[in-house]
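1. let me see the structure of the following:
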Amino acid sequence: MLSVVIATTQVFGQGGRNLPNDTLATVGTSVITARDFLERFELMPWPGKDRRAEHDSAKIKALRSLVAERLLAQ
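-> Next up is the predicted model:
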């Protein structure tokens, strides 16, 4: 079972501060937190990450990749 929940809190752009642990998605019994997402998004060279007009699309691709990895792991 897959359910994706978009957090309504501001979790992006946290920089060096404490990263939030809000749940962004659940894949079976596995949880993807905002911390997982931010670490992946900041470290990977997502196309469009640096262009403001494509920033949201890059974030969606990053979250989808995390969900896909968890699905494959199951």
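2. burial measure for the nearest residue to E54 once chain neighbours are set aside, as a count.
-> Of all residues not flanking E54 in the chain, G48 sits nearest, at 2.9 Å (Cβ to Cβ, 6 or more residues apart in numbering). The way it works is simple: take the backbone N, C-alpha and C, and place the C-beta from them, glycine included. By other Cβ atoms under 10 Å, 14 other residues sit near G48.
3. where does G48 land in three-state SS?
-> What DSSP: H, G, I helix; E, B strand; the rest coil gives for G48 is coil.
4. list the contacts for it?
-> Each residue near G48 by Cβ atoms under 8 Å, 6 or more residues apart in numbering is listed here: 54-55, 57-58.
5. my guess is T23 contacts D36. True?
-> No: the criterion here is Cβ atoms under 8 Å, and T23 misses it with D36 at 9.9 Å.
6. can you point out the buried residues in the top helix by length along the chain?
-> When the chain is parsed with DSSP state H, its longest helix is helix 55-73. Under the neighbour-count criterion of 16 or more other Cβ atoms under 10 Å, helix 55-73 has 58-59, 61-63, 66-67, 70 buried.
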